[in-house]
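what's the 3D shape of this:
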Amino acid sequence: MTLTEQHIAYIENNLTFYGITSKDLKEDLLDHICTYIESRDSHSFDILYQEALQKFGGYSSFQNLQRETNHQKFTKQLVTFHKIKTSVGFLVILLLVISLVFQMMQWPYANAWLLTAIALSILVILPIHFYAKHKISVHKYS
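Predicted coordinates for the structure are as follows:
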């Protein structure tokens, strides 16, 4: 069966209606459903569409895929936050050690190194830490 633009729009609207918000997931599901329908020999779009839905697990399966996609995006964000926090944390430790060496040797700019380390801690590490904690708490309740 050859699909028309109206059929494709109908399938896409149904995916949106049933909670598929991820653009990539929607395109993949749309592609799989359309491929399944086009590979079958029948003249009834409705029957083939229902068969395709059953083959792919129905709308509840699509909603589970959406939840998994959201969870994977959330996990990826958290990993990125932790990588940034760890990298900046090592930089802060390095700056503190440099500041300590400068203090012990009584070289100039020891306080500048110390203030830079403190500023990075306050302006980068703490906001990332609290934002990640906030995202985790929000994600637990959604």
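
going forward, measure contacts between C-alpha atoms and count neighbours the same way
Noted.

Which element, helix or strand, includes the residue nearest in space to the middle of the chain?
Closest to where the C-alpha atoms of the chain average out (C-alpha atoms, centre = their mean) is residue 73, at 2.0 Å. Residue 73 belongs to helix 58-105 when assigned by DSSP states H and E.

roughly how far is that helix from the heart of the chain?
Relative to its chain's centre, helix 58-105 lies at 13 Å (C-alpha atoms, centre = their mean, to the nearest Å).

State the mean pLDDT of the one helix or strand residue 34 maps to.
Element membership for residue 34, per DSSP H and E: helix 23-38. The average pLDDT within helix 23-38 is 90.

same deal with stretch 132-140?
For stretch 132-140, the mean confidence score works out to 88.

hang on, the earlier thing: orientation of the helix or strand following the helix holding residue 73 relative to helix 58-105 in degrees?
Later in the chain than helix 58-105, the nearest helix or strand by DSSP H and E is helix 110-120. Helix 110-120 runs at 170 degrees relative to helix 58-105, counting by axes from the mean of the first three to the mean of the last three C-alpha atoms, to 10 degrees.

Alpha carbons of helix 110-120, as CSV, please.
Provided in CSV are the C-alpha atoms of helix 110-120 (Å, rounded to 0.1, in the frame of the first residue of the first chain):
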residue,chain,number,x,y,z
ALA,A,110,49.4,34.1,46.0
ASN,A,111,46.2,35.7,47.0
ALA,A,112,45.0,36.0,43.4
TRP,A,113,45.4,32.2,42.9
LEU,A,114,43.5,31.7,46.1
LEU,A,115,40.7,34.0,45.2
THR,A,116,40.4,32.4,41.7
ALA,A,117,40.0,29.0,43.3
ILE,A,118,37.3,30.3,45.7
ALA,A,119,35.5,32.1,42.8
LEU,A,120,35.5,29.0,40.7
